[in-house]
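Peer 1: no letters, just coordinates:
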Ligand code: NAD
């Protein structure tokens, strides 16, 4: 059954100083629906001029009435934004599905409710934080005074557009900063609607600004280079993170990075295989495998290997690749032609490296339009194959057997990435022992994607810099001054 098409795609303008505006030179680009290859609408194409205008508005707002708002007043605004997101849940889920190609059901169940929760969570959290205070014998007391960082540039990827934007924007506003946002060029719609919501929730003009556009020599580059932006919160590929760091170096911006992953999913033979398979289907193929946390390298202890492969392959073959708006679709379309070709090129690499494609590896039958790819399981690859080493960011997993605990730890860590890992075992001592040796910022034992927003989130090695979540987000979006008073 198809979800009723009540929501129409929107044309996207910049949002600067509380108003939707065209680009100064009237330039725009087309927004393509990845499931139909049709044009959804137009998007204003911003560059240096629009970023300059947005930064000036953000700086004025920072030093204007926003400066005098209390934590409690900002908490109320965050709560209202979360409420308004929920009021417009179906519309937002629909736009997200059109833009990304992800199933509407997924956007409606996960992306949009979590976007609202990001605001509700920080609405509560910011009112409960304290600060460091020390008494130094009878000589002095010291306390830390917290203030905003300033104007923050927020640069986003396309895979979880609203979820990830709100994850950054909520603590950014909560701590009294102002923002200049650049959504990914592929997915501009929900960020645009969020600007309407912020205005309706009472965010003063200039506090939140949105500039659409591309990366280098466009809006993204202009944000990274801008001398009057104090900090950048970036989510995207490591290579882009490196380029932004170079551009941001001249003005010594504070940086928070959440980057890519090539995450190991380690399955010991003593684990409950049915539970493993149910979760591994999600950790491999949810959102077409376009989630930084997906466990794309699966390692299975030899005694369970054949059984796992047989059951896993059978279940994966049952997944329905289909139109994003059909409510029985499990796997939608990949984001773009460029990305579709890139993901397919890795399947060609696997074939050339002598791999076995157990299932998938091709466009499903009956699809002539759209960037659809069957969920793909690959075996028989050497650990040096590019398919095992590089982030594919699509519905493609490799499965490899192992014999020894030390061997799988070594293979899991044999990567530049260090975002997340999953360990499946019923042996508690082993769970701790292995978890302590895996080089990743987020490690799940007998589960995946279970999040508590107070906990540290982020990656090590090429997967990120710094952590967000709870107090870690507060620390990034604020500056501390230590004040010492002699007694
Ligand atoms: P990307 O790096 O290509 O683009 C991200 C954003 O950066 C886009 O808005 C883009 O326009 C902009 N950009 C590109 N070049 C730029 C430049 N030189 N200067 C300034 N801005 C620039 O990433 P993507 O393809 O949109 O997203 C996929 C990547 O994001 C994957 O690597 C994925 O793992 C990662 N990701 C990580 C997390 C996490 O939490 N660690 C979450 C989601 C996605």
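Peer 2: In hand now; what should we look at? Small disclaimer: the values here were computed from a predicted structure and weren't measured.

Peer 1: low-confidence regions, the protein specifically.
Peer 2: 1-6 (pLDDT under 70).

Peer 1: what residues are up against the residue nearest in space to the middle of it?
Peer 2: Nearest residue to the geometric centre of the chain (Cα atoms, centre = their mean): residue 164, 4.7 Å. Residue 164 makes contact with 156, 157, 235, 258, according to Cβ atoms under 8 Å, 6 or more residues apart in numbering. (Each C-beta comes from the backbone N, C-alpha and C, glycine too.)

Peer 1: the helix or strand containing it: which residues count as buried?
Peer 2: Per DSSP states H and E: residue 164 is located in helix 161-174. Under the neighbour-count criterion of 16 or more other Cβ atoms under 10 Å, helix 161-174 has 161-174 buried.

Peer 1: quick one: the residues you listed as CSV, columns for distance to residue 485 too.
Peer 2: Formatted as CSV, the buried residues of helix 161-174 follow (distance: Cβ to Cβ, whole Å):
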residue, distance to residue 485
161, 47
162, 45
163, 43
164, 41
165, 41
166, 39
167, 37
168, 35
169, 35
170, 33
171, 29
172, 31
173, 31
174, 28
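
Peer 1: enumerate the residues of this structure near the ligand.
Peer 2: Taking Cβ under 6 Å from any ligand atom as the measure of proximity, the chain contacts the ligand at 155-159, 164, 182, 184-185, 214-216, 220-221, 224, 235-237, 240, 243-244, 258-261, 292, 391, 393, 419, 459, 464.

Peer 1: if we go to 5 Å?
Peer 2: Residues of the chain lying near the ligand by Cβ under 5 Å from any ligand atom: 155, 157-158, 184, 215-216, 220-221, 224, 235-237, 240, 243-244, 258, 260, 292.

Peer 1: please enumerate the helices of the stretch 251-400 of the chain.
Peer 2: Residue ranges of the helices in the stretch 251-400 of the chain, as given by DSSP state H, counting those that start in this stretch, are 273-285, 302-318, 337-352, 386-389.

Peer 1: between these, which one is closest to residue 196.
Peer 2: Proximity to residue 196 (Cβ to Cβ) singles out helix 337-352 among the helices of the stretch 251-400 of the chain, at 28.8 Å.

Peer 1: for residue 269, see how far away residue 300 is.
Peer 2: Using Cβ to Cβ, to the nearest Å, one gets 8 Å for the distance from residue 300 to residue 269.

Peer 1: the more surrounded of the two?
Peer 2: Taking other Cβ atoms under 10 Å, residue 300 and residue 269 do not tie; residue 300 has more neighbours (27 against 15).

Peer 1: who's in contact with the more buried one?
Peer 2: By Cβ under 8 Å, 6+ apart, the contact list for residue 300 reads 267, 308, 309, 399, 400, 401, 402.

Peer 1: give the buried residues for stretch 55-72.
Peer 2: For stretch 55-72, the buried set under the neighbour-count rule, 16+ other Cβ under 10 Å, comprises 55, 56, 57, 58, 59, 61, 62, 66, 69.
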